[in-house]
Each structure stands twice: as C-alpha cells, then as structure tokens.
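Engineer: coords below, sequence missing:
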C-alpha cells in the first residue's frame with residue numbers, strides 16, 4: 001500500500017460532502033444538539049449563572065468552558081452550519097430560540113452549578129414539541145376552522 005500525504009490525497013480524491021450544512025433547518029439543528037448531549041448523557045455540564053438577571057449585552061456574551069452550548073459548538077457539523085461561538089447570544093441566534101427557551105436549558109437557577117447532559121438533552125428536545133396555542137388563537141381557530149355542515153338532500 002502506497003502512503004500519500006494529506007495534500008496529495010486532496011488533489012487526487014474527489015470527495016463531496018453527503019449533505020449541505022447550510023441547508024439545516026431549525027429542527028435539524030436542535031435535533032443534532034440533543035443527539036450530541038445524549039451521547040454524553042452521564043456527564044455533568046456547567047450552567048450559566050443567573051441569565052435572567054443579566055442585561056442583554058452581558059447575557060448574550062455569557063459562556064463557560066463546558067456548558068451544553070459548548071457541546072454544540074464543538075461539533076464540526078453545527079460549526080459548518082454557521083454556529084460561530086459558544087456564547088448564550090450565539091446559541092439563541094443559531095438555534096432560533098428565545099431567552100426563556102435557552103434559559104430552561106442552561107441556567108443555574110434551574111439546575112444548580114451543573115446539569116446532566118441527559119437532562120439538557122430532554123430540555124432541548126422539548127423545544128421541538130408543538131407549542132400549545134394561546135387562548136385567543138384557540139378561540140379564533142375554533143370559529144375560523146369550523147366547516148359548515150352539509151345539508152342532506
């Protein structure tokens with residue numbers, strides 16, 4: 001077997017990625033994050049301290065070395081899909097989630113200083129569930145979505 005350098009292989013090989021990471025939907029990104037956390041389900045990850053009490057700029061810059069967000073950022077697929085850093089603000093932007101939703105995954109007040117990766121994965125998966133409609137949306141859906149009954153002939 002002949003050995004080649006990496007540069008030689010790259011010029012010879014015609015390798016194409018099996019998917020385009022730019023085409024990942026919000027759902028696919030969240031599923032990928034949950035899967036990464038489930039792979040290390042027994043590990044304890046650091047939480048971010050009191051995210052809800054930080055002013056927006058400080059909150060968006062929050063990070064720690066081994067948080068659920070860091071696990072996502074270390075993944076080459078998510079980085080190729082556009083995740084730029086492992087900060088709180090970047091996680092909100094990249095995963096298209098609200099402060100309240102991210103707070104439920106990474107905040108100190110919910111779990112203490114650490115959270116198990118399994119619990120964080122469950123929280124991420126809960127973001128994939130259909131949200132219940134608000135009261136007025138349900139009322140409107142009841143009246144607008146109703147079809148008139150057909151009269152027998």
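Structural biologist: The structure has been received and is ready for your questions. Keep in mind it's a predicted model, so treat the numbers as computed, not measured.
Engineer: so who does residue 30 touch?
Structural biologist: Contacts for residue 30 (Cβ atoms under 8 Å, 6 or more residues apart in numbering) come out as 95, 97, 124-125, 127-128. To be clear about C-beta, it is placed using only N, CA and C from the backbone, and glycine gets the same treatment.
Engineer: now those residues as CSV including neighbour count and distance to residue 43?
Structural biologist: As requested, the contacts of residue 30 are exported to CSV (neighbours: other Cβ atoms under 10 Å; distance: Cβ to Cβ, whole Å):
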residue, neighbour count, distance to residue 43
95, 21, 20
97, 19, 22
124, 28, 15
125, 16, 17
127, 21, 21
128, 11, 22
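Engineer: next, the buried residues of stretch 34-53.
Structural biologist: Neighbour counts over stretch 34-53 (16 or more other Cβ atoms under 10 Å) mark 34, 36-37, 44-48, 51 as buried.
Engineer: of all these, which comes closest to residue 76?
Structural biologist: residue 36 (11.0 Å; Cβ to Cβ).
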